[in-house]
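[1] sequence and computational prediction follow.
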Amino acid sequence: MLRESFVNMYNDEMVEAFRELFETCRKNMFHPGDLLLCQQNGSLFAGNAMIGFGAEGINSLQQINALFYNGIGKITSEDDYFKKNGNEFFYGTSELEKTIQAEMKAYQEIWENVFFLRILTEVVRVANGERYDWRLDMYKLGGKISNHIRDQIIKKLDVCPKFKRAMETGYRRQIRNAVAHSQFHVIQGGIWFDNYKQVNKDEVQAIGFEEWEKIYCYSYFVFLGVFRHLESIVQQLYMPTTKITVTGGIPILCNFHDDNWGEAYIYPYQNGKTWRFNEPEAGRYL
């Protein structure tokens, strides 16, 4: 269960964090087309540059749509909900337990979604002034996704301290693992984790309901915000720019064979929902 006033507060904090992130991206990006590449997912297929979902996107699409469709979860207007309902013996059937189970499931799906993590990784590269990585393959990470999140996302967010704090708050490797292996329990006052190891200073034995609420809200808003902010940038920046370019397209920096780089143009279809390397036929722009 999520308390409405706190959900709104965390949402406002994430708005500021995303503003910082994408202002940094626009200031530091290596090439003007890099954020369009992030939104449209540039990748390599058989060594050739490709725009579109790719294997990671196609395999993640149903899960992403479900997370969007289901929303953040059940919300109450009672600020003292946890005080009223969280100090009893739980049997697995209460409303609080059922909503936490649903939140935990969504939490795991967010931090295991390779397409979301791919897009987020590329955005962080852009914020650091690095080239878009056409060769990134999340499937090659295998069981090292947690290390990737730590090293290639969180550690590289010093340029965006607000967004870094949001990521450090939202992503908890121990909690994701606990959910994946059913190693957590709802207890009086909070959530107990069976996978706690005293030798790891980043792990905890238990957290209160209020802390879980913050962790989950930050995670969901990071997930939702990455996609929505990129879509907004395409509509507010790149689509208007196509009206004034000679070709009607946007230049992007491509990684071709043998690590050769060069510019190519991509063109909008379906009012900018999809982009392709070939120009649309007359009338298909809309």
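    Good, I have the coordinates. Numbers count the residues shown, from 1 in each chain.
[2] going forward, measure contacts and count neighbours with C-alpha atoms only.
    Will do.
[3] ok, Lys156 - contacts?
    With contacts defined as Cα atoms under 8 Å, 6 or more residues apart in numbering, Lys156 is in contact with 124, 128.
[4] what about it, distance to Tyr91?
    To Tyr91, Lys156 is 43 Å away according to Cα to Cα, to the nearest Å.
[5] chain center to stretch 253-272, what's the gap?
    Centroid separation for stretch 253-272 versus its chain: 23 Å, with Cα atoms, centre = their mean, to the nearest Å.
[6] typo on my end, stretch 240-254
    27 Å.
[7] do stretch 172-183 as well
    That offset, for stretch 172-183, works out to 18 Å (Cα atoms, centre = their mean).
[8] from here on, count from 596
    Right, with 596 as the first residue, what we last looked at is stretch 767-778.
[9] show me where the stretch 696-845 of the chain has its strands.
    779-782, 785-788, 801-803, 845-850 (DSSP state E, counting those that start in this stretch).
[10] distance to Phe816 and mean neighbour count for those strands - can I get that in JSON lines?
    Listed next are the strands of the stretch 696-845 of the chain as JSON lines, based on distance: least, Cα to Cα, whole Å; neighbours: other Cα atoms under 10 Å:
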{"stretch": "strand 779-782", "distance to Phe816": "23", "mean neighbour count": "21"}
{"stretch": "strand 785-788", "distance to Phe816": "21", "mean neighbour count": "19"}
{"stretch": "strand 801-803", "distance to Phe816": "20", "mean neighbour count": "16"}
{"stretch": "strand 845-850", "distance to Phe816": "28", "mean neighbour count": "21"}
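[11] report the central residue of this structure.
    In the chain, the C-alpha nearest the mean C-alpha coordinate belongs to Phe818, at 3.3 Å (Cα atoms, centre = their mean).
[12] quick check: that residue touching Glu704?
    No - using Cα atoms under 8 Å, Phe818 is not in contact with Glu704, being 10.3 Å away.
[13] helix, strand or coil: sort out the residue nearest to Tyr815 when sequence neighbours are not counted for me.
    Nearest non-adjacent residue to Tyr815, counting by Cα to Cα, 6 or more residues apart in numbering: Ile667, 6.6 Å away. What DSSP: H, G, I helix; E, B strand; the rest coil gives for Ile667 is coil.
[14] next up, phi/psi of Ile667, please.
    Backbone torsions of Ile667, given as degrees, to the nearest 10, read phi -70, psi -30.
[15] kind regards, and thank you for your time.
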